[in-house]
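K.L.:
Predicted structure and sequence below. I'll ask about it afterward.
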Amino acid sequence: MNLKRTVSQLVTLAVVGLALLLGWFAWEYYTRSPWTRDARVRADVVTLSADVAGRIVKLNVQDNQYVDKGQLLLEIDPSRYALAVDHASRSVEVAKASLGQSQATIVASQALLKQRQSEEIRRRTLKERSAISGEEWEKANTEMSVAQADLLRNQANLGFAQANVQLAIAALAEAEHDLERTRVESPISGYVTNLLTRQGDYAIAGSPLVALVDSKSFYISGYFEETKLPRIGEGDRVDIELMSGEKFSGTVQSIAFAIADRENLPGGRLLANINPSYTWVKLAQRVPVRIKIDADYPGKDKLRAGTTATVTVQENQERH
């Protein structure tokens, strides 16, 4: 009887000890171990907008299609912008013709001024010898002054003509640039996503048309509790498991330095607005950790931004 009681007590103690041990391991695992189920696959998304307005006459992509960098995605009706280029080109020709005429006028004015100056010098010499009257010399001097004024006026007109040529060339370059911008090309290699644009739609300058997911930008963003951050460092290796079952590895690339504080809203005169109530049970804040996916992972082209993952940081013996 005593033996049975002793065995029963020992079994009870063993069960209690095992429960305490398992509880301690569970506590360590869930509260101290650097892992999280709150992780997401992320990627950079480039939104392309129209630089010019017009009707979309070509749409060369479909939803979820892969496109290469420089590939034509769509084209806006170029007819109006081609006419603008033609008009600007004619304006350049007119401005250059006006400039040539002003230059020719300058040459003629310079020749006339030189002639008037020679005439004034000759008549001044004759006047000094009393060979002509003072009135004839004054007439020659006046004609020389008029020629000088004409030359100055023509030089000013030449400056305006040169400025008009520069303005016309700038307007032509802008018109050509607008014509080029009727063709919307992909700035990256990636995937078209959530395509809502249709051929025949009217594109407004600045309005978004196509969203592209950069195929080379996929990474994992894991949200770790602040209590686990001391055991995470840049360069640590991590194990990643997607909710769909795929498993691969990565490296901690960086840890966010700030998150929003909902308790620190500015009040009057920009003073801190502190909540007068305090909750004794405080939950650990979650901080984003950016994780670089291993380059040799063969399933990179099958990742989907926004999907859920579990991230476990491998223990770093040098730090721990």
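P.N.:
Alright, I've got the coordinates.

K.L.:
Name the SS class of the closest residue to Arg286 other than its chain neighbours, please.
P.N.:
Once flanking residues are discounted, Arg286 sits nearest to Tyr223: 4.0 Å by C-beta to C-beta, 6 or more residues apart in numbering. For glycine as for every other residue, the C-beta is placed from the backbone atoms N, C-alpha and C. With DSSP: H, G, I helix; E, B strand; the rest coil as the basis, Tyr223 sits in strand.

K.L.:
number of nearby residues for Tyr223?
P.N.:
17 (other C-beta atoms under 10 Å).

K.L.:
so what's it up against?
P.N.:
Counting by C-beta atoms under 8 Å, 6 or more residues apart in numbering, Tyr223 touches Thr36, Asp38, Ala39, Arg286, Val287, Pro288, Val289.

K.L.:
and the residues you listed as CSV, adding distance to Phe218 and secondary structure?
P.N.:
CSV is the format used below for those (distance: C-beta to C-beta, whole Å; DSSP: H, G, I helix; E, B strand; the rest coil):
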residue, distance to Phe218, secondary structure
Thr36, 18, strand
Asp38, 18, strand
Ala39, 13, strand
Arg286, 21, strand
Val287, 21, strand
Pro288, 16, strand
Val289, 16, strand
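
K.L.:
Please pick the buried ones from these.
P.N.:
For the contacts of Tyr223, a burial check counting by 16 or more other C-beta atoms under 10 Å picks out Thr36, Ala39, Arg286, Val287, Pro288, Val289.

K.L.:
Farthest pair within those?
P.N.:
Ala39 and Val287 (12.4 Å; C-beta to C-beta).

K.L.:
what secondary structure does Gly70 sit in?
P.N.:
Three-state assignment for Gly70 (three-state DSSP): coil.

K.L.:
Any idea how many residues pack against the closest residue in space to Val252 that isn't next to it in sequence?
P.N.:
With C-beta to C-beta, 6+ apart as the measure, Asp236 is the residue that lies nearest to Val252, at 4.4 Å, once sequence neighbours are left out. Number of residues near Asp236 (other C-beta under 10 Å) recorded here: 19.

K.L.:
tell me the contacts of Asp236?
P.N.:
Shown in contact with Asp236 (C-beta under 8 Å, 6+ apart): Thr251, Val252, Val313, Gln314, Asn316.

K.L.:
mean confidence score for the host helix or strand of the second one?
P.N.:
Same thing as Val252. Assessed by DSSP states H and E, Val252 sits inside strand 247-255. When pLDDT is averaged over strand 247-255, the result is 95.

K.L.:
Residue numbering should commence at 59 henceforth.
P.N.:
With the count now opening at 59, the last piece we talked about shows up as strand 305-313.

K.L.:
Pairing partners for it, with directions?
P.N.:
strand 295-300 (antiparallel), strand 344-351 (antiparallel) (DSSP bridges).

K.L.:
Using CSV, list the CA coordinates for it.
P.N.:
Provided in CSV are the C-alpha atoms of strand 305-313 (Å, rounded to 0.1, in the frame of the first residue of the first chain):
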residue,chain,number,x,y,z
LYS,A,305,10.4,27.1,-47.6
PHE,A,306,13.6,29.1,-48.3
SER,A,307,16.2,31.2,-46.5
GLY,A,308,17.3,34.8,-46.3
THR,A,309,19.3,37.3,-44.5
VAL,A,310,18.3,40.2,-42.2
GLN,A,311,19.0,43.3,-44.2
SER,A,312,17.9,46.1,-41.8
ILE,A,313,15.7,46.9,-38.9
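
K.L.:
ok, the very next helix or strand once past that strand: who's next to it in the sheet?
P.N.:
Next helix or strand after strand 305-313 toward the C-terminus (DSSP H and E): strand 323-324. Paired strands of strand 323-324, with direction, are strand 330-331 (antiparallel) (DSSP bridges).

K.L.:
Enumerate every residue touching the most centrally placed residue in the chain.
P.N.:
The C-alpha lying nearest the average C-alpha coordinate of the chain belongs to Val104 (C-alpha atoms, centre = their mean; 8.6 Å). For Val104, the contacting residues are Pro245, Ile246, Gly248, Ala269, Leu270, Asp272, by C-beta under 8 Å, 6+ apart.

K.L.:
Looking at these, which are in strands?
P.N.:
Applying DSSP state E to these, the entries found in strands are Gly248, Ala269, Leu270, Asp272.

K.L.:
wait, Val250 sits on Leu267?
P.N.:
No: in this structure, Val250 is not within contact of Leu267 by C-beta atoms under 8 Å, at 10.7 Å.
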